[in-house]
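Fold the following.
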Amino acid sequence: QVQLVESGGGSVQSGGSLRLSCTTSGYIGRRYSMAWFRQAAGKERELVAAIDSDDDTYYVDSVKGRFTISQDNAKNTLYLQMNSLKPEDTAMYYCAADREWPRLVLGRGDYWGQGTQVTVSS
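Residues are numbered from 1 along each chain as shown. Here you go, the predicted model:
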């Protein structure tokens, strides 16, 4: 059974940095794409960044130039390096995985983690 476990969240001041990790247990296959989503209180979940098995990436406009998504297949781990954090980045961050890119980026991935909270104070 595949499980995704996020870590690395916390509280930082505006301008600070955090690195989120998402470790996969169980065999997920090499052709899966991975993504980070976030959901702020009272708002809908949104796609933050995604990466496919060829390491092609996508970022939502609001995080371009500040966040970097990457993966280490040897460690079965997905990362999200977040720099220049802003209060509006405050949210629960989730990682997700799916074999099909369209389904993943639409938030319909097969596998989801439980989330890690990121809080940015001004």
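
Show me the helices in the chain, by range?
Under the criterion DSSP state H, helices of the chain are mapped to 101-105.

Listing request: residues of it with sub-threshold pLDDT.
Nowhere does the chain drop to pLDDT under 70.

residue contacts, the residue nearest the centre of the chain?
Taking C-alpha atoms, centre = their mean, the centroid of the chain lies closest to Trp36, which sits 2.2 Å from it. Trp36 is in contact with 20, 22, 47-50, 69, 78, 80, 93-96, counting by C-beta atoms under 8 Å, 6 or more residues apart in numbering. (Glycine included, C-beta is placed from N, CA and C.)

Over to Ser21?
So Ser21 contacts Glu6, Ser7, Gly8, Thr77, Leu78, Tyr79 (C-beta under 8 Å, 6+ apart).

The fourth one pairs with what?
On the basis of DSSP bridges, Thr77 takes part in beta bridges with Thr23, Asp72.

Please consider this matter closed, and thank you.
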